[in-house]
Structures are given as C-alpha cells and as structure tokens.
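Q: Pasting a predicted model and its sequence here:
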Amino acid sequence: MKKTIAILLVLAISMVGIFAVAGGATSSFDVSTQVTGLNYLAITETEFTGTNMNDWNSHNETQITSPVPLNTGTATNVAYLNVINNKRDGVSVYIKADKMASIENSATNTYQIDYTATVNSVGYNTDSETVGSFKQIITTTESAATHSLFMDSYAINIDIDDADLGNAPEDTYSGTITFNFTGA
C-alpha cells in the first residue's frame, strides 16, 4: 500500500508540472521614455563636424562672444552657424542684420556701412532688405526626413559694400546679425 501511495504522489506531482507548462502562462511589462525637443543655434569660429551631443557640447565652447573684425571689402568667412534639432517637423532658420554704425561717435557720426551676410547661399543685404525683417536662410531642416537628430554647420560670409567702406569717416563701426528659429 505504501508503494501505491508513493507512486500516486509521484504521478500527481509530475502531472501538476505538465499541466503548468501546458497552460502557457505569460508575463510582460511595457517600457517608455520621453525625448524632449532640442533646438539650438550656436555661432562658432570653426565648422562643427561632430556626430553626437558630446561633440556638440565640446565644440560650442568656442562660441563667438565678441565682435568679429572686418578690414576688407571682399567676402570674408567670419564664423559658422551651427544648427541642431530633433523636431519631426524640422525647423527653419532666418536672418536679419543691421547696418554698421558708429559705436564711438554716434552723436556726431551718423554714417552707416552696408554689407551682405550670406549663409547657406542666401544673402541678406542691409541696403536692400526691409529694416528689421527676417529672411529665410535654411528651409525646414532634415530631421523631418531622417527622423533623428539633425546637426549641420553653415559658413557665415560677410561682404562689406566697397563704396560705403571707402567713403566712411574714421571711426569704429558695428552691426548686429541675428538668427532665429521657427517651427521650434
């Protein structure tokens, strides 16, 4: 009798194992993350050639914070506009520029020097553009097409009007170039 009970116990235990596997219970859980939007512009002395955010952060430590001297009437590469974004719809970048005016004797010297700022083959001429208006220089960036982080660098070239420069009274002249995002 003891043998019969032992055999029945062994069979009962093994049947429970078989039915547990045959029932096929599953377990799962979901994971998620939130990626915040990135939209950055930086103006640096050198072209950005990196491929990730670490490269971006270290490169942009060389941002230009003081005036760039211009001493010639020929087109001069003065800096680079670096653009980064991860927006699915991308962003567009615009430029506006002010004429160069006296920063030392502005009360007595009202002479202004025109120039053209060119980025991505699009020029903004301070003589012919509407004062204070923005002009599109970069259409929607490629992040929409690649669905990943967009990083690029564009040369900023300045061409001073030769006649304005040649006729200018002695002084120090300064102008401001402003870049703006839309779609951000």
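A: Now that the structure is in, tell me what you want to look at.

Q: Which helix or strand contains residue 140?
A: Using DSSP states H and E, residue 140 falls within no helix or strand.

Q: Distance check, it against residue 88.
A: 11 Å (C-beta to C-beta, to the nearest Å). Bear in mind the C-beta positions are built from the backbone N, C-alpha and C, glycine included.

Q: cool, residue 152 as well?
A: According to C-beta to C-beta, residue 152 and residue 88 sit 17 Å apart.

Q: Looking at these two, which is more packed in?
A: Taking residue 152 and residue 88 together and counting by other C-beta atoms under 10 Å, residue 152 has the greater number of neighbours (16 against 10).

Q: my read: that one touches residue 82, true?
A: Yes: checked against C-beta atoms under 8 Å, the pair residue 152 and residue 82 is within contact range at 7.5 Å.

Q: shared neighbours of those two, anything?
A: Contact criterion C-beta atoms under 8 Å, 6 or more residues apart in numbering; residues shared by residue 152 and residue 82: residue 48.

Q: Just say helix, strand or coil for residue 165.
A: Of the three states, residue 165 takes helix under DSSP: H, G, I helix; E, B strand; the rest coil.

Q: let's have the chain start at 789 instead
A: With 789 as the first residue, the last one maps to residue 953.

Q: count of neighbours near it?
A: When neighbours are counted by other C-beta under 10 Å, residue 953 registers 17.

Q: for residue 884, same thing?
A: Residue 884 has 19 neighbours, counted by other C-beta under 10 Å.

Q: That one contacts residue 920, doesn't it?
A: Yes: contact criterion C-beta under 8 Å: residue 884 and residue 920 qualify, at 6.5 Å.

Q: What are the boundaries of the helices in this protein?
A: Listed in chain order, the helices of the chain (DSSP state H) span 790-811, 841-847, 931-934, 950-955.

Q: any weak-confidence spans in this protein?
A: Scanning the chain for pLDDT under 70 picks out the ranges 789-811, 859, 861, 930-935, 972.

Q: same thing but at 80, please
A: Scanning the chain for pLDDT under 80 picks out 789-812, 847-863, 876-877, 928-936, 971-972.

Q: Which parts of it are strands?
A: Along the chain, counting by DSSP state E, strands occupy 827-832, 864-873, 880-885, 888-890, 900-901, 903-907, 910-913, 923-926, 938-948, 961-962, 965-970.

Q: in its sheet, what does the second one sit against?
A: Strand 864-873 pairs in its sheet with strand 827-832 (antiparallel), strand 938-948 (antiparallel), by DSSP bridges.

Q: Show residues contacting that strand.
A: By C-beta under 8 Å, 6+ apart, the list of residues contacting strand 864-873 from outside reads 825-836, 844, 847-848, 852, 856, 858, 879, 881, 907, 926, 929, 931, 937-947, 967, 969, 972.
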